[in-house]
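> Would you be able to build a 3D model of this:
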Amino acid sequence: MGQRELHFYPEHHCYFVKWDGTEVTAEDTLQHWQELARNAQYDASMDALHDLRGCHFESSYVAALKGARIYQSTGVGGTGKVGVLVDDVLAFGMMRQLTVVMDLDDSLVTYDEAEAKALVGLPPDFALPAFGATAGVKRPAT
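All right, here's what the predicted structure looks like:
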């Protein structure tokens, strides 16, 4: 079961999601997108940065298609840029497939934190919170 923390940075017009857990499932992402759509701080034009370093998930084209269908069903689709931080080649390939099938043209899947922060407008010296930080909303993904 994956867990995540959500942090909003309105001064940078973006939000940050730190994922933690041994397995992030399609159901975890569905819950995240549903809760995001209900969050009063969420603005569909915000840029998003997802930190998936240390996470594992099913890696297949079928899983990417399932994730895209779930994303489209939530109505959360925004107009902002999406950065995805990963730390292994399987995660890189899966997230790249997912961003393609979701038609996220302004997306970047990368190993480089500085590159991801620059994409969403965070300054180079901005410290991304570690999982367990007190700011933001911590939710178990079920």
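> Going by C-alpha atoms from here, please, whenever you check contacts or count neighbours.
Fine.
> remind me which residues of this protein are low pLDDT?
Along the chain, segments meeting pLDDT under 70 span 1-2, 21-22, 58-61, 63-64, 67, 74-76, 133-142.
> Find the residue at the geometric middle of it.
With distances taken as Cα atoms, centre = their mean, the residue of the chain nearest its centroid is H50 (3.0 Å).
> So which residue of the protein lies furthest out from the middle?
D125 (20.5 Å).
> so how far is the strand or helix carrying the residue nearest to the centre of the chain from its chain's centroid?
In this assignment (DSSP states H and E), H50 forms part of strand 47-51. A distance of 5 Å separates the C-alpha centroid of strand 47-51 from that of its chain, computed with Cα atoms, centre = their mean, to the nearest Å.
> Pairing partners for it, with directions?
Strands flanking strand 47-51 in the sheet, each with its direction: strand 14-20 (parallel), strand 82-85 (parallel) (DSSP bridges).
> Report the beta-bridge partners for K18.
Where K18 sits in a bridge, its partners, by DSSP bridges, are E5, D51.
> Number of residues surrounding it?
22 (other Cα atoms under 10 Å).
> any idea how far it is from R69?
Between K18 and R69 the distance, using Cα to Cα, to the nearest Å, works out to 22 Å.
> likewise G54?
25 Å.
> still on that earlier bit, quick one, phi psi at the residue farthest from the centre of the chain?
Main-chain torsions, D125, degrees, to the nearest 10: phi -90, psi 10.
> from memory the residue nearest to the centre of the chain sits against H7, does it?
No. H50 is beyond contact range of H7, at 10.5 Å (criterion: Cα atoms under 8 Å).
> shared neighbours of these two, anything?
Shared contacts of H50 and H7 (Cα atoms under 8 Å, 6 or more residues apart in numbering): F16, V17.
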